[in-house]
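S.K.: Could you look at this predicted model? Sequence included:
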Amino acid sequence: MNSQEQRTTGASIEGLSRMDKRSEVSENPIEDLQRRNADLEVLYETVKDLSSTLSVERVLQRLLDRTLLHLEAEIGSILLLGDDDQLRVMVSKGLPLDVVERTEMKIGEGISGHVALHGQPLIVEDVEAHPTFRRRNRERYYTSTLISAPLVRNGVLLGVININNKTNRSPFEPHDLRLLEAIAAHASVALGNARKYEDTLRLSQIDGLTGLANHGHFYKTLEREIERARRYERGLSLAMIDIDHFKHYNDRNGHRAGDQALVAVARIIGDRSRAHDVVARYGGEEFAIILPETALDGAHAFGDKLRTAIEGISLDGEEPLTISVGVAAFGLNITATSQLVDAADAELYRAKSLGRNRTCSPGCY
């Protein structure tokens, strides 16, 4: 447990201890003490579970599953705040799919937006009777009772967690809200750590100029895709792309114009690639595209469409750009990463030797 987690645990225990003080005047102090000990056990198990992963997706799913279990509820959701200051559902349970897909709200809007705006947990014993939230509840899905807490780390809002409808249909109590608040505090630390790790990992895989995958990430991904193609006997192709006469373009127009050309070509390739394709800057003026589920003829056609899209592009009146494309596919004679790269690179070299501004693949002349 790191220092921040220790501070959060201390604050959570202190908050739950307020319940213990009230046990002095409680009708059943032993039962209250037992409940407090059970809550501390919940916090301990939650911290241990959330701290065991650095995946944002896993942190969120484990958080929701554990919270629903311990609070004995049937509906839950976690919304995260995006760069556009909109809250969106990232994980949920018990919500209609159409609600999850279309839920997007500003800070201050609805229950989640209210909690995000004020940074304080909220308990609504009867949503249908609440003057502010009643109408919106009827428009979306049935909620009888609800508790909500902000996810905040170092004073920065990360999102909101909502827990709806106890399984026994009784309303949530203040004790439930205090437990949710304590769980949310720990979850915010784990979520922040996971985000930082994923951001660092993502930056280590990205080319700084073009925003595409870098050379190292390209090879790791290609090895994984080759193993997948081998195991499931699926198609896999690779396209290698080189900007024609780029050294001449750089010498004539300057390195700033050369960088702009690289970014422009990278954007066109990225915009025309599928979501599951992996586009990388292989090095210098050379790009590579991993094409899963794609046979050689489809990869050749795709490469030639890219060539046509880039052909004749002129930046700020400079001389037009063209590219050469080499394509190869995983198959009987190409079964290893190095073999696929070498085969696509050989076709690229053939395209350049035949006059550039063309696409070549085995058996195509």
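M.R.: Thanks, I have it. Just so it is clear, the structure is predicted and the values come from calculations on it, not from any experiment.
S.K.: Strands of the stretch 151-300 of the chain, start to end?
M.R.: Ranges of strands in the stretch 151-300 of the chain, per DSSP state E, counting those that start in this stretch, are 156-166, 236-243, 278-283, 286-292.
S.K.: nearest to residue 52, of these?
M.R.: With distances scored as CB to CB, the stretch of these nearest to residue 52 is strand 156-166 (19.4 Å). (Glycine included, C-beta is placed from N, CA and C.)
S.K.: which strands and helices sit next to that closest one?
M.R.: Counting contacts by 3 or more CB pairs under 8 Å, 6 or more residues apart in numbering; DSSP states H and E, strand 156-166 packs against helix 56-71, strand 73-81, strand 86-93, helix 110-118, strand 146-153, helix 174-204.
S.K.: Go through those and pick out the most buried.
M.R.: Ranked by mean neighbour count under mean count of other CB atoms under 10 Å, those are led by strand 146-153, which reaches a mean of 24.
S.K.: Listing partners with orientation, what would you give for it?
M.R.: Using DSSP bridges, the strands paired with strand 146-153 in its sheet are strand 122-124 (antiparallel), strand 156-166 (antiparallel).
S.K.: next one: the longest one to chain centre, how far?
M.R.: To tie it back to what came earlier, the one meant is strand 156-166. Its chain's C-alpha centre lies 19 Å from the corresponding centre of strand 156-166 when counted by CA atoms, centre = their mean, to the nearest Å.
S.K.: same check, this time on the first one
M.R.: For strand 122-124, the distance between its averaged C-alpha position and the chain's averaged C-alpha position is 30 Å (CA atoms, centre = their mean).
S.K.: what sits up against it?
M.R.: Judged by CB atoms under 8 Å, 6 or more residues apart in numbering, the contacts made with strand 122-124 from elsewhere in the structure are 111, 114-115, 130, 133, 145-149, 172, 174, 176-177.
S.K.: coming back round to it: save the strands of the stretch 151-300 of the chain as a markdown table, and put in mean neighbour count, mean pLDDT and distance to residue 119 too.
M.R.: Shown next, in a markdown table, are these (neighbours: other CB atoms under 10 Å; pLDDT from 0 to 100; distance: least, CB to CB, whole Å):
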| stretch | mean neighbour count | mean pLDDT | distance to residue 119 |
| --- | --- | --- | --- |
| strand 156-166 | 23 | 95 | 7 |
| strand 236-243 | 26 | 98 | 49 |
| strand 278-283 | 21 | 96 | 40 |
| strand 286-292 | 24 | 98 | 44 |
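S.K.: I'd assumed residue 351 was in contact with residue 360.
M.R.: Yes: between residue 360 and residue 351 there is a contact at 4.1 Å, judged by CB atoms under 8 Å.
S.K.: list residues touching both of these two?
M.R.: With CB under 8 Å, 6+ apart, residue 360 and residue 351 have common neighbours 324-326.
S.K.: ok so, going back, switch the strands of the stretch 151-300 of the chain over to a markdown table; also include distance to residue 337.
M.R.: Below are these laid out as a markdown table (distance: least, CB to CB, whole Å):
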| stretch | distance to residue 337 |
| --- | --- |
| strand 156-166 | 39 |
| strand 236-243 | 10 |
| strand 278-283 | 13 |
| strand 286-292 | 11 |
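S.K.: right, and these - which one's nearest residue 28?
M.R.: Taking CB to CB as the criterion, strand 156-166 is the member of the strands of the stretch 151-300 of the chain that comes nearest to residue 28, at 20.5 Å.
S.K.: sorry, back to before: any chance of the strands paired with strand 146-153 in a markdown table, plus distance to residue 221?
M.R.: Formatted as a markdown table, the strands paired with strand 146-153 follow (distance: least, CB to CB, whole Å):
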| stretch | distance to residue 221 |
| --- | --- |
| strand 122-124 | 44 |
| strand 156-166 | 29 |
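S.K.: picking that back up, in strands, which of the shared contacts of residue 360 and residue 351 appear?
M.R.: If you go by DSSP state E, the shared contacts of residue 360 and residue 351 have 324-326 in strands.
S.K.: Tell me the bridge partners for residue 283.
M.R.: Beta-bridge partners recorded for residue 283 (DSSP bridges): residue 286.
S.K.: Kindly apply the preceding question to residue 156 instead.
M.R.: According to DSSP bridges, the partner residues bridging residue 156 are residue 153.
S.K.: coming back round to it: let me know which of the strands paired with strand 146-153 is the nearest to residue 58.
M.R.: strand 156-166 (15.6 Å).
S.K.: any idea which of the shared contacts of residue 360 and residue 351 has the most stuff around it?
M.R.: Ranked by neighbour count under the definition other CB atoms under 10 Å, the shared contacts of residue 360 and residue 351 are headed by residue 325 with 29 neighbours.
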